[in-house]
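**Q** the sequence and its predicted three-dimensional model are supplied below.
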Amino acid sequence: MKFYKNVILIFTLFSLISCGEKSSISSIVNNSKNEITLKVKIDNDAINKIRKEYLEKGLSFNEENPKDYEIKIEPSESYLFDATMHTEPDFYDIKEIEIYSGDTLILKCRKDQIHKLFSDASNPGNLIIN
């Protein structure tokens, strides 16, 4: 019986410690009445640089480069853009994002501006489109 109590105690302590890990989530929230389109352009130069560093260290890295992509976000929905554990998101692989409502460009943001966009003090981690 004492063995089981110790196992439960260790499991409980481990659970409490692991819950304190820092996680960062960046999402795009569509609070408008219209569907929005997110277009993401990938920075293949940055990906190739990271790939080279990984290979020099003897680590493996996926050989395929990701492709630019487009996501449609319905009204009152959100899209998880990036999530990390233990660090702040750096968006190293993103070259540019564009957000459209219909044919109208709402936002165009380069790599150097993306981090500021998701670190708004009033709602950190969320980009809210109204």
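**A** Now that the structure is in, tell me what you want to look at. Residues are numbered from 1 along each chain as shown.
**Q** what is the neighbour count of F91?
**A** Per other C-beta atoms under 10 Å, the neighbour tally for F91 reads 22. For the C-beta atoms, the positions are set from N, CA and C on the backbone; glycine is no exception.
**Q** low-scoring stretches of this structure, by residue?
**A** In the predicted model, the chain carries pLDDT under 70 at residues 1-23, 86, 120-124.
**Q** how about N31: what's its closest non-neighbour residue?
**A** Nearest residue to N31, sequence neighbours excluded (C-beta to C-beta, 6 or more residues apart in numbering): N130, at 5.0 Å.
**Q** roughly how far does that neighbour sit from P75?
**A** Applying C-beta to C-beta, to the nearest Å, the value for N130 to P75 is 11 Å.
**Q** which neighbours do the two have in common?
**A** The contact sets of N130 and P75 overlap at N31, S32 (C-beta atoms under 8 Å, 6 or more residues apart in numbering).
**Q** those two: which has the busier surroundings?
**A** Taking other C-beta under 10 Å, N130 and P75 do not tie; P75 has more neighbours (12 against 8).
**Q** where exactly do the helices run in the chain?
**A** Assigned by DSSP state H, the chain shows helices spanning 2-19, 44-56, 111-117.
**Q** who's in contact with E74?
**A** Residues near E74 by C-beta under 8 Å, 6+ apart: N30, E35.
**Q** put the alpha carbons of stretch 38-46 into CSV.
**A** The C-alpha trace of stretch 38-46 is given here as CSV (Å, rounded to 0.1, in the frame of the first residue of the first chain):
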residue,chain,number,x,y,z
LEU,A,38,-4.9,34.0,-44.7
LYS,A,39,-2.0,33.7,-47.2
VAL,A,40,1.3,32.6,-45.8
LYS,A,41,4.5,32.9,-47.8
ILE,A,42,7.3,30.6,-46.6
ASP,A,43,11.0,31.8,-46.3
ASN,A,44,12.9,29.0,-47.9
ASP,A,45,16.2,30.8,-47.4
ALA,A,46,15.8,30.8,-43.7
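**Q** give me the contacts around it.
**A** By C-beta under 8 Å, 6+ apart, stretch 38-46 touches 28, 65-73, 79, 92-100, 111.
**Q** look up how far F61 lies from the residue most central in space within the chain.
**A** Per C-alpha atoms, centre = their mean, the C-alpha nearest to the average position across the chain is that of D82, at 0.7 Å. Going from D82 to F61 by C-beta to C-beta gives 19 Å.
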